Every structure is written in structure tokens, then in C-alpha cells.
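A.B. asks: take a look and give me a structure for this.
(chains A and B)
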Amino acid sequence: MRIFNRSMLFFLFTPGLVSAGGFQLNVQGQKSLAMGGAGTALSGDASTVFFNPAGMSFLEKKLFFTGGTSLIFPYVSFQTAAVVNDVQTSPMGTPLQFYAAAKASDKVSIGFSLNNQFGSVSSFDDNWEGKFIIQRMALKTFMYQPTVSYKLNDRISAGAGFIYTTGSFDIKQAVPVATSQYDNGEASLSGKGVGFSYNAGLHGIILKQDTTKCFSSLKAGFSYRSPIKVSIVNGTAKFTDISVALQDQFPAETNFNTQLTLPGVYSFGLQSNLIVNEKINMDVVFDFDRTLWSSYDSLKIDFSNPTTPDTKLAKNWKDVNAFRIGASVNYKKKYSLRIGSYYDQSPIRDGYVSPELPDKTHVGFTAGIGVVLTDNFSVDIAWLVSNFKRTASLDDKGFSATYHRIVNVFGIGLNYSIK
Amino acid sequence: MIKSIRTFFFLFVVLFFTTCKKNFEAPDYTSGDADFTNYIAVGNSLTQGYQNGGVYEEGQRNSYPSIIARQMKLVQPNMNEFVQPYFPGHGSGYIHLEWKNNTIQVVKEEDPGGYKEDPSFNGLSYVGQQLSNLGTSGIKLIGTCFDSTVPGDNYNTYLLAANNPYFKRMFALGQPAAPINYLTDVVQSKPTFFTSWLGNNDILGYATGGGDVLAISIMGTPFYVYGLSDPTEFRKKYDRSLDSLTKNGAKGIVATIPNVTSIPYFHVVNLKDIKGPDGALLDVYIKTNNGIRTATEDDKILLPAASKLNKFVTDSLYDNGVPVKDSAGNVILVYSPSPYGLAVTNPINNNEVLDKDEFANVAPALAALNAQIKASAAAHHIPVVDMESFLQEFESGIAFNGIDFSTKYIEGGVFSLDGVHPNARGYAIIANKYIDGINAYYHSNIPKVNINNYKGIVFP
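C.D. replies: Numbering: from 1, shown residues only, chains lettered A, B, ... in the order given. Reported below is the predicted structural model:
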């Protein structure tokens, strides 16, 4: 007896960076993070391997290592017509970054990047109001990126990297089938996949004057990261607490396939350096990012068990822009005080807002400090906060809520370099 | 510089803690322009909490009025207790699902292993309890009071009440010559607020009875138990029901009659599923008021016929209790020479099919009665919950809280196993619909319920 139609089960597999809206919040470099996330023209440390590979050519070091982590503290509370207040039980996120850049010759720099560009853990109480939409979702990605940059002349360089991505996720959702023993069944899916992509960038010095002038330099960067198709093949799906009558459709274990396209990103950035006096100078950075989220139009899950209803969920996300601005006040080339802000458009249209990622177009604020400890060693600390409310619905699932989402990110980065 | 870093860190920490955790606060609850002190629910089986073909305590605890009352209590904590007449044990008996022979089986009350009516059920009599939920299965709007211009009408209402196991448990009957009718009980309950969902049986009984008009002759006057109610009489008595409810200044809300023919009861049997052992489509024979004929897609074969149809195999051939096998080792089956519904000599009974002529009577009657409900409510300044259009949304599929619902039997998730009445989750959805209507009209803010806290179909 085939009881359920194909729309009975939807699994949400939303590739959400937990720290903030869509995917556009960069936590991949602590200097950049402290300056509104702008890093395309920054080339301040080895994180430029990620932000703009061409920037490696303008790192004035033979060898540069940058590593760090960002501790992401999300707090998402929400109110529905039935429940006054509920909260996500999502834990802290800890994406890591490691970057290395080295001069192979006068013209050629090589680098390597390892980071978690996408990652999210959203969890809820098992019996929360939207348990049939989502109970828990965890997505982890690792991006391995060997990179090369070529200095065309004193003013311009070009770089590119090859990116190998591994992704893993698991997701848990209640199945709306009750028995006298269980209020609902449960579905747990987990799978792994890989993807291949590239990034490429240009970095140029538009203006360079000697340091006695107030306006000492202006740099520009352009970079592109291609979309990443991650195919999850032969993931494991487990169904538990299912009625004996429905185990044909929801077997104890089956396999599934799905595919997810992480979006391509264009970034354009500017950096200028201003000399205030002998002791104090200032960097001002600006970035414009365009993220091609329209690639995320739907999510399909195909189960290998023929009687398990396959699912397709419309996402219908849109391409979005972000504007980032930041400044760093540097004292005696030893201490830096950074501040920034960003405007981040949400790719999620009204009617498609899901409780695990209640995103909104918003403005966030950042700050941080940097201290040069020795000739080789420096530390960066960054902080980001975003705070917004959105009342929106997920029409396909008949769920709507007012969300209040507060995200704090604390980042620490260490740099080791050799002249 | 060090000082500014310190200052900066100070700001940092302050900002962190001020933006750390923010939870939503409950709104200031208000009953608005309404007073829920004595909330009374009026209606038929849908109001009583009837589901899975019966009335029993678990179902009653999930009746939409009891759900609404629990929510009202949040905005008006001093309201009276909401009293329902619980039927103990299996109550009237009800349908459940079992897993037998590797299939899902719908086990009715009368089937082996069925949940039969509780021994106390028929012996229950009126205990003088003043009820808040006056929902009474089987009651028609035109049976809630009698019309002195209709001969024998008062005796009819008495007879119907006395033969209704719910009514006689819930209300005093009065005397045959001077019956206490339903609206008298309504007035006695002295509501400050009411919900009324009367009128369903004025259509539903006709449709679920296969349009088979059962007439009882009382004092020489035919009384149509399953007839479609006359709109003029319906309006007169509907007005009277609202006069009774609003007599002491009570406010309330009423609901229209949903299109009963969209419920699973009329759609479980599909002619394209009736196939012989070779897979070929078979003719299905129905008995109509115009004689026996083959069924078409326009005839609605009713749910009770489903379990009897397509039964070629009556049994295995047994020899001293052991199934006889042929030379290939297959059990020899005995085929019925005249299977139900599949032979012109054994057609589907008149009361198990709403044939196309009878079906055609339903829509105009529904439109007429709903027009009267809306007009009567407007005249009494009472808001209307449009259940007719709400049920239509389920026909094309609608989602709440992550569950897809439709009007399909069992898998649709909103109707109980009787194919007519909602399950507990369906009643929770209806309660939310009422709450929306009450809040919108009376400026109250009764919170809705999380429908996922109520069970849908309970699988074996």
C-alpha cells in the first residue's frame, strides 16, 4: 500500500553559513573580518590566497603563514502564532583557516589555502513546533586550494587557484507518521561528497606615492570564485520509529543522492593608505561582492529505495550584492585598531524563509585589533555582530514566524612571516 | 594607545553582553471586545469531537471547542471550566488501523478485534450536568427547535432526540407532548460567548446516506431523516438559533457548511481501481432510484462499500481445516459467483452510492443553506468562519507546520478513519481557523495551537 505522495517528505539541505546572512559574511581572515569583511584588495597577510590569489604577489615577504579560527555564536529566537518564544539550540561554530604564501621567484608566488567556506549547524529541540521541517542540520566543508600568482609588472599581478572541496552533512527531521507508541517517526540522513572549482584574481596598484604624501597608495583587486557542485552519492538515510505498516516506504536504512551548488562569487575591492603623521597611518578598504545564489533554485533528494518518496523543495534564491567598508588605524606600524561595517543582501525571498536559516538583508558591524609582536610574528583579533528581526514564511511548509537572530563572531589569527 | 585599546575592549564587552540573548515576550493577552467567561459550543458531531466513526473520551478531549477553550483560558484565566460529557472507555466504539497479513486494515467497530462500544454507552442517561460543549452527533439545524406551523414537528424533534444516544445522555428530553428542544438547552446554558457550527447534517446526512431519503411517517406526516433541509425552514430556525444564543447579549461566531462531497468518504472508491484478477477494468453495478445500471465516474460510491467491493475470493478451499492445493502447490481459491457490486444481480446498494442525479442535488442545496447562514449571521452582527472555502483549500493540498494535508483518505492527514470527520490534528487546524476569526472580529489575541501536538492518523 503506497500511502504517501511525493511531497510528503521534504528535507532541507540549506547550505547556510551560520554566522550570518546567506554566505556572504567572510570570516576567512581576521584583518578582513575586522574591517567589514573587505579583503579583495587588502593583501595584508596570507589570507589573500583565499580573498584574491593575485594579492600574493604584493605580500612583501618571502614566506607568510596565516592561521586562525572564528568562534561563531548564533542566537536565534522566534515567535509564531502558537508559541511565544522558542530558540535554536545551535552550538558554537568554529571554522578554521590556514594560509601559506611563498615567493618562488621574483615573478612567481605560490600558496595554499585550507578553510571552511561553508558550514552550519542549526539544531532545535526534537519536539519543537517545526519538527517536520527540520530538527537538526549540520553541514561542513573543507576547501583545499593550491594557488599561484604571477607578477606581470610592478603594478599588476594575476593569480589563480584550484579548489578541491569535501563536504559532509547530516540532517534530522521528524516524519509525520504517528503510532500509538510514537508521536512521529524520524529521518536521519548523512552523506559526503566532493566538488572541484577554482578562483582567480587580479591585483593592481593604481597609485603609489612616497610615504611623505598624505595619500600614499591606492590598490584595486578583482576576484572570482567559481560555483562548486558538490554531489552527495550514496548517502545513508535512516528511518526510525516508523509504523510497521509503512516500513516499505520508510525502511530502517536506504541510500540517497543529492546535489548542491555552492554559488559563484565576484568581488571587487579597493584599498587606500593614508599617512596621518610619522607614527600613524590608516588603511581604508572597500569591497563589492556579488554572489550568484540563483544557482540554488531547488533541492532534490532521490532515494534509492523506489518506494521512498523522493523530495523536491523549491528554494528560488536570488543573486545578491554586498557592500563592505572598513578602516584600520595603524600606530608605529605595531598596533592596529580596525573597524568596519557591511550591507549584506539576503538571497532568500519572502515565502522561502526556513527556520534553520532565517536570513535578512541587514547591516552588520565589525571591529578588531592587530599587534605586531616581533619581526616575524603578529596577532589579529576580530569581532563581528549582526542583529536583525524578520517576519517571514516558508510557504511550501505552511510555517511562518518572526525571527530574531543575533550573531557574534570572535576571531583570532596568527601570522608568521619571513622577509 | 594602550588606553584606547582598553576603552575599546570595554566597549567590546559591553556590546557583546547587550546583544547576547534576546527572547520574545508574551503579548499582553486580551479578550478584546468579547467576554469568554462562559464559552458554549453548539453544533453536531464535528463540535462534539466525533472522529474515527465514534465519540470517545480521547476524541472529545481533542474536540475543536475544547481546544479553543484551552486557548481562551490563556487570555481570560478566570473563565469557567469548559465542561464536556465524556463517554468512558471506547465510548460509542470506533474505527482503528491494524497491520494484518502485510496490509493496513481498517478495523471497524463490528469487525473482529474492533473497538466496540463501551457497555455503559447505551445505558447512559442525563445526569443533570450543565455542559459547555453542546455538540450533539446527528443533530440537524432544523431539529434544534420545532416550528408550530409544521404539523408534528415538535413530536419529531422529541423522537429524534430520544433516539439519539448522545442527546439523551446530555439533555433532559421533556415529555413527548412537550419536548425540551435543543435551543431551550442552549438558552439555559447562558453563554457569554459561543461558537456555532450547526447545519452540516442538513446536507451531510443526505449525502452520506447515498441520497437515499429515509422517511419516517409520524402522525401521518413524512419526516425526512436524511433529507436536504428546506432553505426557508432552515433560515427561520437558524435565525431562532442565533436569537437563542444572543439572548443575554452573548457574542460569538458561526461557521458555514463545508462542501461535504469533497470529503474522503466520497472518493475512496475509484472505478479505475476496480479490476479483475487479469487486471482488466470491471463494470460496477449500482442500484439507483431509477433502477440498476453500471456506475460512471459521476457516481460517488461511498466508503462503506469499499471493503465489500472487489471480493472475488470468498475463501480458500479447505479439507478438514487444511487448505487444498493444486498439483503446482497453489492454494485453491473459491470464487464468489456473484461478487458485491460486480454482478447485475448483486449491485451496490442504494444507500452506499450517491448517484449522479443525487450528487447534483448537493451543490445547490449547499449554496442555498450557506447563503442563509451568512445572511442570518449578518442580521445578528455575528462573524462567519467560511469553512466551505477552507475545506476547498485542502482539496488542492495545503501545508501547516511542515505537514502536507489533502482531502485524501488516510494519507491526506486531516480526516479520521471514518472519512467524514477530522482527526485530532484536523480539529486543531479547525480550532486555529476559529481563533483567527474570533481574533479578527473581536480584537482579541487568543494564541493559536501548535497542530503538531495533536495526532493525525495513528498507524499500527
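
A.B. asks: near chain A, which residues of the stretch 351-460 of chain B?
C.D. replies: B:397-404, B:410-411, B:413, B:432, B:447-452, B:455-460 (CB under 8 Å from any CB of the partner chain). No exception for glycine: its C-beta is placed from N, CA and C like everyone else's.

A.B. asks: are any of these buried, and which?
C.D. replies: B:398-404, B:410-411, B:413, B:432, B:447-452, B:455-460 (16 or more other CB atoms under 10 Å in any protein chain shown).

A.B. asks: for residue B:206, pull up the helix or strand it's in.
C.D. replies: Per DSSP states H and E: residue B:206 is located in helix B:201-208.

A.B. asks: which secondary structure elements does that helix sit against?
C.D. replies: Counting contacts by 3 or more CB pairs under 8 Å, 6 or more residues apart in numbering or on different chains; DSSP states H and E, helix B:201-208 packs against helix B:356-379.

A.B. asks: can you dump the C-alpha coordinates of the helix it packs on into CSV?
C.D. replies: The C-alpha coordinates for helix B:356-379 follow below in CSV (Å, rounded to 0.1, in the frame of the first residue of the first chain):
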residue,chain,number,x,y,z
LYS,B,356,-25.0,11.4,-10.3
ASP,B,357,-28.6,12.7,-10.0
GLU,B,358,-28.5,12.7,-6.2
PHE,B,359,-25.0,14.2,-6.3
ALA,B,360,-26.3,17.1,-8.4
ASN,B,361,-28.7,18.0,-5.7
VAL,B,362,-26.0,18.7,-3.2
ALA,B,363,-24.2,21.7,-4.6
PRO,B,364,-27.4,23.9,-5.0
ALA,B,365,-28.6,22.9,-1.5
LEU,B,366,-25.2,23.7,0.0
ALA,B,367,-25.1,27.1,-1.7
ALA,B,368,-28.7,27.9,-0.6
LEU,B,369,-28.1,26.9,3.1
ASN,B,370,-24.7,28.7,3.3
ALA,B,371,-26.3,31.8,1.9
GLN,B,372,-28.9,31.6,4.6
ILE,B,373,-26.2,31.2,7.3
LYS,B,374,-24.3,34.2,6.1
ALA,B,375,-27.4,36.3,5.8
SER,B,376,-28.7,35.3,9.3
ALA,B,377,-25.3,35.9,10.8
ALA,B,378,-25.1,39.3,9.2
ALA,B,379,-28.5,40.2,10.5
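
A.B. asks: which secondary structure elements does that helix sit against?
C.D. replies: Other elements packing on helix B:356-379 under the criterion 3+ CB pairs under 8 Å, 6+ apart are helix B:201-208, helix B:231-245, strand B:384-385.

A.B. asks: pull up the pairing partners for the last one, direction included.
C.D. replies: Sheet pairing of strand B:384-385 (DSSP bridges) gives strand B:251-255 (parallel).

A.B. asks: from the rest of the structure, what touches stretch B:156-168?
C.D. replies: Stretch B:156-168 has contacts (CB atoms under 8 Å, 6 or more residues apart in numbering or on different chains) with B:48, B:55, B:92, B:121-122, B:124-126, B:136-139, B:143-146, B:171, B:173-176, B:179, B:181-182, B:216, B:218, B:223, B:225.

A.B. asks: in the stretch 301-419 of chain A, where is pLDDT below threshold?
C.D. replies: Across the stretch 301-419 of chain A, nothing is flagged by pLDDT under 70.

A.B. asks: give me the number of residues near residue A:180?
C.D. replies: Residue A:180 has 11 neighbouring residues, counting by other CB atoms under 10 Å in any protein chain shown.

A.B. asks: got it, and residue A:373?
C.D. replies: Quick note: residue A:373 (other CB under 10 Å) scores 11 neighbours.

A.B. asks: how about it, what does it touch?
C.D. replies: Applying CB under 8 Å, 6+ apart, we find residue A:373 in contact with residue A:379.

A.B. asks: so which of the buried ones among the residues of the stretch 351-460 of chain B next to chain A belong to strands?
C.D. replies: B:398-400, B:403-404, B:458-459 (DSSP state E).

A.B. asks: helices of chain A, start to end?
C.D. replies: A:30-34, A:48-51 (DSSP state H).

A.B. asks: winner for burial among the ones you listed?
C.D. replies: helix A:48-51 (a mean of 34; mean count of other CB atoms under 10 Å in any protein chain shown).

A.B. asks: what residues does it touch?
C.D. replies: Residues from elsewhere that reach helix A:48-51 (CB under 8 Å, 6+ apart): A:26, A:28-29, A:32, A:39-40, A:42, A:55-56, A:59, A:97, A:99-101, A:111-113, A:115, A:117, A:145, A:147, A:161, A:199, A:201, A:221, A:223, A:267, A:269.

A.B. asks: state the mean pLDDT of it.
C.D. replies: Across helix A:48-51, the average pLDDT comes to 94.

A.B. asks: ok, the top strand by length along chain A near chain B or not?
C.D. replies: Taking DSSP E as the criterion, chain A has its longest strand at strand A:185-208. No: figure legend: strand A:185-208 not in contact with chain B (CB under 8 Å from any CB); closest approach 9.2 Å.

A.B. asks: leaving out the residues flanking it, which one is nearest to the residue in the stretch 251-400 of chain B that chain A sits nearest to?
C.D. replies: Proximity of the stretch 251-400 of chain B to chain A (CB to the nearest CB) peaks at residue B:399, 3.4 Å away. Spatial nearest neighbour of residue B:399, excluding adjacent residues (CB to CB, 6 or more residues apart in numbering or on different chains): residue A:398 at 3.4 Å.

A.B. asks: what sits against the one you found?
C.D. replies: Here residue A:398 is in contact with B:398-403 (CB under 8 Å, 6+ apart).

A.B. asks: repeat that for 10 Å
C.D. replies: Contacts here follow CB atoms under 10 Å, 6 or more residues apart in numbering or on different chains; on that basis residue A:398 touches A:132-133, B:398-405, B:429, B:451.

A.B. asks: try residue B:349
C.D. replies: Per CB under 10 Å, 6+ apart, neighbours of residue B:349: B:210, B:212, B:286-287, B:302, B:304-305, B:308, B:340-341.

A.B. asks: pull out the buried residues from these.
C.D. replies: Counted by 16+ other CB under 10 Å, these give B:210, B:212, B:286-287, B:302, B:304-305, B:340-341 as buried.

A.B. asks: ok so, going back, what average pLDDT does the longest strand of chain A get?
C.D. replies: Taken as a whole, strand A:185-208 carries a mean pLDDT of 94.

A.B. asks: off-centre distance for that strand?
C.D. replies: Remark: strand A:185-208 is offset 9 Å from the chain centroid, using CA atoms, centre = their mean, to the nearest Å.

A.B. asks: and that strand, which strands flank it?
C.D. replies: strand A:156-175 (antiparallel), strand A:215-225 (antiparallel), strand A:228-240 (antiparallel).

A.B. asks: just the mean pLDDT for the last one, thanks.
C.D. replies: Regarding strand A:228-240, the rounded mean pLDDT is 93.

A.B. asks: before we move on, what about the first one?
C.D. replies: Averaged over strand A:156-175, pLDDT sits at 93.

A.B. asks: quick one, phi psi at residue B:381?
C.D. replies: Main-chain torsions, residue B:381, degrees, to the nearest 10: phi 60, psi 40.

A.B. asks: backbone dihedrals for residue B:70, both of them.
C.D. replies: In terms of degrees, to the nearest 10, the main-chain angles of residue B:70 are phi -60, psi -40.

A.B. asks: picking that back up, strands - which of the contacts of helix A:48-51 land there?
C.D. replies: If you go by DSSP E, those have A:97, A:99-101, A:111-113, A:115, A:145, A:147, A:161, A:199, A:201, A:221, A:223, A:267, A:269 in strands.
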